[in-house]
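Trainee: Predicted model follows, preceded by the sequence.
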Amino acid sequence: MISPLESKLREDLCEAARRLYAAGFMSGSDGNLSAILTEGEILITPSRLSKGYLEPAQIVKVDPRGNKLAGEYSPTSEMAVHLACYQERPDICAVVHCHPPIITAFTVAGRGLPENILPEIELLFGGRIPLAPYASPGGSALADTLRAPIRNRATSVVLMDHHGLVAVGNDIFQAAIRAEHAEAAARVIYYAEQLGGAKPLSPENVSALHQSHQALAEKESGIFTGYCHVCAAKNGQEAPLTSSTIEGVVRRVMQEMVKELG
């Protein structure tokens, strides 16, 4: 029996996948998404299926070590990338890997996105979109290249040399939106270079944007609240939301609804 939480999360994974597919970030069967269901369960997209036409029942359930718990299909061949992100970042609940064309072109050219050029990069990412070194797709070596850059909790998107990007978030929509923002920034920078080069921001402007970035991060923590983690820190660590806690939250919400309805 699938719980309402799992059913909703499967639908959200499919919806986010459709949006990224429609944006041209996941051609053919490219790309993969995942989200934490419970402390011991992760929902992840299957291998070799188009993410633009994915159905909730096709999502695969695995444990944090990558063992399949449920599902007709095999999980994505790049599951190790997702597991590495969750291992390094206990504060996140979702991972997106996709191949946005302009960003991927930057990495194929051996370049990351320049800092102190575009306000959106400074505001949305704090100026930090690191570029991980190259490794062959589909193996643990690729996952290992991401560990150091994604370990920094200020990092939400990592570019992958010759291989697109990984975005993380409190839920699958936040991770997907971050991937969209990164590609939009890459497109503007690319166009600026065709026009003769980008004009850098002043240090004062960059400093002001970084301050706004902190305020934006706090605001987003109340919008993208996650599925299985409590965003409020307890004793300096992120605490997982247990099934009993979920039931308590649902019970309190239902009680409030009953009160309002008289």
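Mentor: Okay, I see it. Residues are numbered from 1 along each chain as shown.

Trainee: so how far is Met160 from Ile44?
Mentor: 18 Å (C-beta to C-beta, to the nearest Å). In this view, the C-beta of every residue, glycine as well, is placed from N, C-alpha and C.

Trainee: If you could redo that for Val60, that was the one I meant.
Mentor: 22 Å.

Trainee: who has more neighbours, those two?
Mentor: Each of Val60 and Met160 has its neighbours counted (other C-beta atoms under 10 Å); Met160 has more, 24 against 21.

Trainee: How about the contacts made by the more buried one?
Mentor: Going by C-beta atoms under 8 Å, 6 or more residues apart in numbering, Met160 touches His97, Thr107, Leu131, Ala132, Tyr134, Leu142, Thr145, Leu146, Val166.

Trainee: correct me, but the fourth one touches Pro149?
Mentor: Yes - with the criterion set as C-beta atoms under 8 Å, Ala132 and Pro149 qualify as a contacting pair; they are 5.7 Å apart.

Trainee: which residues do the two both contact?
Mentor: Common contacts of Ala132 and Pro149 (C-beta under 8 Å, 6+ apart): Val158.

Trainee: Run a quick neighbour tally on the closest residue in space to Ala35 that isn't next to it in sequence.
Mentor: Distances taken as C-beta to C-beta, 6 or more residues apart in numbering place Ala94 nearest to Ala35, at 4.2 Å, with adjacent residues excluded. Ala94 has 30 neighbours, counted by other C-beta under 10 Å.

Trainee: Worst mean pLDDT across the helices and strands of the chain, which element?
Mentor: Every helix and strand of the chain was ranked by mean pLDDT, DSSP states H and E. The lowest is strand 229-234, at a mean of 37.

Trainee: Remind me which helix or strand Lys219 belongs to.
Mentor: If you go by DSSP states H and E, Lys219 is part of helix 203-221.

Trainee: who touches that helix?
Mentor: Asn116, Pro119, Glu122, Leu123, Leu124, Phe125, Gly126, Gly127, Asn170, Gln174, Leu201, Cys231.

Trainee: Flag the least confident of those.
Mentor: For the contacts of helix 203-221, the weakest pLDDT value sits at Cys231, with 38.

Trainee: For Ala182, state which of the contacts of helix 203-221 is nearest.
Mentor: Taking C-beta to C-beta as the measure, Phe125 is the one of the contacts of helix 203-221 closest to Ala182, at 7.4 Å.

Trainee: That closest one against Val158, yeah?
Mentor: No - counting by C-beta under 8 Å, Phe125 does not reach Val158; the two are 10.6 Å apart.
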